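J.: Okay, here's the prediction I keep looking at, along with the sequence it came from:
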Amino acid sequence: MKIDETLLTKLEKLSALHIEESKRNQTIKEIGKIVDFVENLNQLDLNDKDASFSTIEGGTPFREDQPTNDPTVIETILSHAPKAEEGFFIVPKIIE
């Protein structure tokens with residue numbers, strides 16, 4: 001996949017990020033390297049591999065769910081959001 005200025009502009013809009021003009025060429029190169037690496041993974045022969053596996057023998061240990069009712073959690077999380085209103089994140093529309 002070719003990463004170019006048009007695709008970078010689209011990714012910038014979808015991610016709600018702004019990439020400085022001086023860093024655009026470097027960002028295009030870095031994203032290109034990432035995409036090339038991921039495309040290399042398509043060459044792996046995984047036919048004899050199980051689709052799922054676990055590194056924990058015997059499964060995942062369970063813990064007791066302990067619900068809490070701390071109203072400051074929502075405020076803390078939303079304080080880091082670029083935009084929030086009435087306890088919800090405000091995100092840009094991505095469907096035009």
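T.: Received it, and whenever you're ready, just let me know what you need. Since the model is a prediction, treat every value here as computed from it, not as a measurement. Numbers count the residues shown, from 1 in each chain.

J.: in the protein, which helix has the most residues?
T.: Longest helix in the chain, counting residues (DSSP state H): helix 24-41.

J.: what mean pLDDT does it have?
T.: Per-region confidence: helix 24-41 scores 92 on mean pLDDT.

J.: Can you give the contact residues for it?
T.: With contacts defined as C-beta atoms under 8 Å, 6 or more residues apart in numbering, helix 24-41 is touched by Met1, Lys2, Ile3, Asp4, Glu5, Leu8, Leu11, Ile19. Where you see a C-beta, it was placed from the backbone N, CA and C, and this is true even at glycine.

J.: Show me these that map onto strands.
T.: Among the contacts of helix 24-41, none falls in strands (DSSP state E).

J.: which one among those gets closest to Val91?
T.: Leu11 (15.9 Å; C-beta to C-beta).

J.: Quick check: phi and psi on the most centrally placed residue in the chain?
T.: Geometric centre of the chain, nearest residue: Ser15, 9.3 Å, by C-alpha atoms, centre = their mean. Dihedral pair for Ser15: phi -90, psi 0, per degrees, to the nearest 10.

J.: ditto for the one 4 residues further on
T.: Backbone torsions of Ile19, given as degrees, to the nearest 10, read phi -100, psi 130.

J.: so it makes contact with Leu8?
T.: Yes. Between Ile19 and Leu8 a contact is recorded at 7.0 Å, counting by C-beta atoms under 8 Å.

J.: mean confidence score for whichever helix or strand comes after the longest helix of the chain?
T.: Downstream of helix 24-41, the next assigned helix or strand under DSSP states H and E is helix 72-79. Across helix 72-79, pLDDT averages out at 91.

J.: Next: stretch 50-58.
T.: Model confidence over stretch 50-58, given as mean pLDDT, is 70.

J.: Ok, stretch 3-16 next?
T.: 93.

J.: Could the C-alpha coordinates of that stretch be exported in PDB?
T.: C-alpha atoms of stretch 3-16 as PDB (Å, rounded to 0.1, in the frame of the first residue of the first chain):
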ATOM      1  CA  ILE A   3       1.200   6.000   1.700                       C
ATOM      2  CA  ASP A   4       1.000   9.500   0.200                       C
ATOM      3  CA  GLU A   5      -0.100  13.000   1.100                       C
ATOM      4  CA  THR A   6      -3.700  12.300   0.300                       C
ATOM      5  CA  LEU A   7      -3.900   9.200   2.500                       C
ATOM      6  CA  LEU A   8      -2.100  11.000   5.300                       C
ATOM      7  CA  THR A   9      -4.600  13.800   5.100                       C
ATOM      8  CA  LYS A  10      -7.500  11.300   5.300                       C
ATOM      9  CA  LEU A  11      -5.900   9.500   8.300                       C
ATOM     10  CA  GLU A  12      -5.300  12.900   9.900                       C
ATOM     11  CA  LYS A  13      -9.000  13.800   9.600                       C
ATOM     12  CA  LEU A  14     -10.200  10.300  10.800                       C
ATOM     13  CA  SER A  15      -7.900  10.400  13.800                       C
ATOM     14  CA  ALA A  16      -8.700  14.000  14.700                       C
END
